[in-house]
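>>> output the structure for:
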Amino acid sequence: MSALTLREQKVRDSNREGIAEIQRLMLQMPEHHITMEPVHRFSEGLYARELTLPAGSTVVGRIHKHAHLNVLLKGHVTVTTPYGTEDIHGPCIFESQPDTKRAVYTHEETTWITFHPTQETDAEQIVEDVTLPDYSDNLALDSSEAKESS
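Numbering: from 1, shown residues only. Predicted coordinates for the structure are as follows:
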């Protein structure tokens, strides 16, 4: 496993800072907050979390500790992570890397499902087990450490 190049590290750090700034700005505008109720699905050793994101919304998620699969059932989003920015059109399936925190802009209503291996059946506990709220206090794993431990 090779370490991140200096350029990759700078891009990752810059994107992390940008995502954190988007989140700070969003928290200053409580009148624009949206509430999304996730749909929780469980199967043997697998948890699926489904969200429907309204068109024209910006959402910032938590940091995912582990690699996991995502399904965009429908929609069109622009997603920024520590690894870059891309447009994603549903339907599609893709993998997120460890240490991923996303800022998502929805161009149209989007249904997004994440899948996480777990024996846990309490959705709130699963969120605590598989994510971190932010990069503070060096809680998040360095990408190279995360990839080695997954």
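
>>> buried residues, stretch 126-136. List them.
Neighbour counts over stretch 126-136 (16 or more other Cβ atoms under 10 Å) mark Ile126, Val127, Val130, Thr131, Leu132, Tyr135 as buried. The C-beta positions use only the backbone N, C-alpha and C, and glycine is treated the same way.

>>> partner residues bridging the fourth one?
In other words, Thr131. His64 (DSSP bridges).

>>> was I right about it contacting His66?
No. With contact defined as Cβ atoms under 8 Å, Thr131 does not count as touching His66 (9.4 Å).

>>> which of the buried residues of stretch 126-136 sit farthest apart?
With Cβ to Cβ as the measure, no two of these lie farther apart than Ile126 and Tyr135, at 20.6 Å.

>>> okay, strands next: where are they in the chain?
Counting by DSSP state E, the chain has strands at residues 39-43, 46-53, 58-60, 63-64, 68-81, 84-89, 92-96, 103-117, 131-132.

>>> mean pLDDT for these - can I get that in JSON lines?
Converted to JSON lines, these look like this (pLDDT from 0 to 100):
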{"stretch": "strand 39-43", "mean pLDDT": "97"}
{"stretch": "strand 46-53", "mean pLDDT": "96"}
{"stretch": "strand 58-60", "mean pLDDT": "90"}
{"stretch": "strand 63-64", "mean pLDDT": "92"}
{"stretch": "strand 68-81", "mean pLDDT": "96"}
{"stretch": "strand 84-89", "mean pLDDT": "94"}
{"stretch": "strand 92-96", "mean pLDDT": "96"}
{"stretch": "strand 103-117", "mean pLDDT": "96"}
{"stretch": "strand 131-132", "mean pLDDT": "90"}
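
>>> determine which stretch of those is the most buried.
Among the strands of the chain, strand 63-64 has the highest mean neighbour count (mean count of other Cβ atoms under 10 Å), at a mean of 22.

>>> I am finished for the moment; much appreciated.
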